[in-house]
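Trainee: structural data only, the sequence is not supplied:
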């Protein structure tokens, strides 16, 4: 069949119309599919940029305490001290609770002191890691705490008990940095006022208990 005859052939024309109609229907079906998918995904875009991984101090994370600038300490230093506290924690004596707590602190002269929790068969005689570290530091001349790091295996960051907060406050000031951490890489950098607001301390007594 000649080319011109093909164009004029009614059968060929009808066939072409069917093909075009089929293409149109397939196109509409594809559009309908996309719309349905869009609704199923609650209007979420089909393609979205990958979210950047949030770091440990992400602004989206809800912190338990107010966060502060750790100066003069750097974040890298803080994280290295958390690792030290984790190592110290292994020395804890806790045959009853199996709950290990490690604490390291730096005094006003930059000297490091450490402590772990020590349990007792008479449970009330158990001494927490924070108080052990502070007592040890006092015997070596500590007058004030510059930085204290607490680490334990908890879902959230480790947090000192009420008694330990009071004892920490005895040697804290407005420059004292408190770091609360766990074994999952979470930590918070805060101050003493945040962990025990309105605390009763030496300033509330007549004079200061200088030894």
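Mentor: Yep, it's here. Not measured: the values here are computed from a predicted model. Residues are numbered from 1 along each chain as shown.
Trainee: nearest residue to the middle of this protein?
Mentor: Central residue of the chain (CA atoms, centre = their mean): residue 186, 3.4 Å from the mean position.
Trainee: measure that residue to residue 152 for me?
Mentor: According to CB to CB, to the nearest Å, residue 186 stands 12 Å off from residue 152. For every residue, glycine as well, the C-beta is placed using N, CA and C.
Trainee: flag the shaky bits of the chain, pLDDT-wise.
Mentor: 1-19, 21, 24, 27-28, 39-64, 206-211 (pLDDT under 70).
Trainee: now stretch 154-161, how far from the centre of its chain.
Mentor: 11 Å (CA atoms, centre = their mean, to the nearest Å).
Trainee: which other helices and strands contact the host helix or strand of residue 146?
Mentor: Using DSSP states H and E, residue 146 sits in strand 145-152. Applying 3 or more CB pairs under 8 Å, 6 or more residues apart in numbering; DSSP states H and E, we find strand 145-152 packed against helix 75-89, strand 101-107, helix 129-139, strand 177-181.
Trainee: could you list the paired strands of that strand along with their orientation?
Mentor: Strand pairing for strand 145-152, using DSSP bridges, gives strand 101-107 (antiparallel), strand 177-181 (parallel).
Trainee: possible to save those strands as CSV with mean neighbour count?
Mentor: CSV is the format used below for the strands paired with strand 145-152 (neighbours: other CB atoms under 10 Å):
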stretch, mean neighbour count
strand 101-107, 25
strand 177-181, 25
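Trainee: let's have those in CSV, adding distance to residue 144.
Mentor: Output for the strands paired with strand 145-152, formatted as CSV (distance: least, CB to CB, whole Å):
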stretch, distance to residue 144
strand 101-107, 7
strand 177-181, 12
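Trainee: nearest to residue 36, out of those?
Mentor: strand 177-181 (48.0 Å; CB to CB).
Trainee: quick check: angle from that closest one to helix 75-89?
Mentor: Angle, strand 177-181 to helix 75-89, by axes from the mean of the first three to the mean of the last three CA atoms, to 10 degrees: 60 degrees.
Trainee: quick check: next helix or strand after strand 177-181?
Mentor: strand 187-191.
Trainee: can you name the next helix or strand after that next one?
Mentor: Following strand 187-191 in sequence order, the next helix or strand is helix 192-195 (DSSP H and E).
Trainee: starting at the chain centroid, how far to that next one?
Mentor: 18 Å.
Trainee: let's have the chain start at 28 instead
Mentor: Yep, numbering from 28; the last one is helix 219-222 now.
Trainee: list the contacts of it.
Mentor: 92-93, 186-187, 192, 195-196, 199-201, 203, 205, 207, 226 (CB atoms under 8 Å, 6 or more residues apart in numbering).
Trainee: could you redo the last one with a cut-off of 10 Å?
Mentor: Helix 219-222 has contacts (CB atoms under 10 Å, 6 or more residues apart in numbering) with 90-95, 172, 175, 177, 186-187, 189, 191-192, 195-196, 198-205, 207, 215, 226, 228.
Trainee: inside strands: which ones of these?
Mentor: 172, 175, 177, 204-205, 207, 215 (DSSP state E).
Trainee: of all these, which comes closest to residue 153?
Mentor: Nearest member of the ones in strands among the contacts of helix 219-222 to residue 153, counting by CB to CB, is residue 177, at 16.0 Å.
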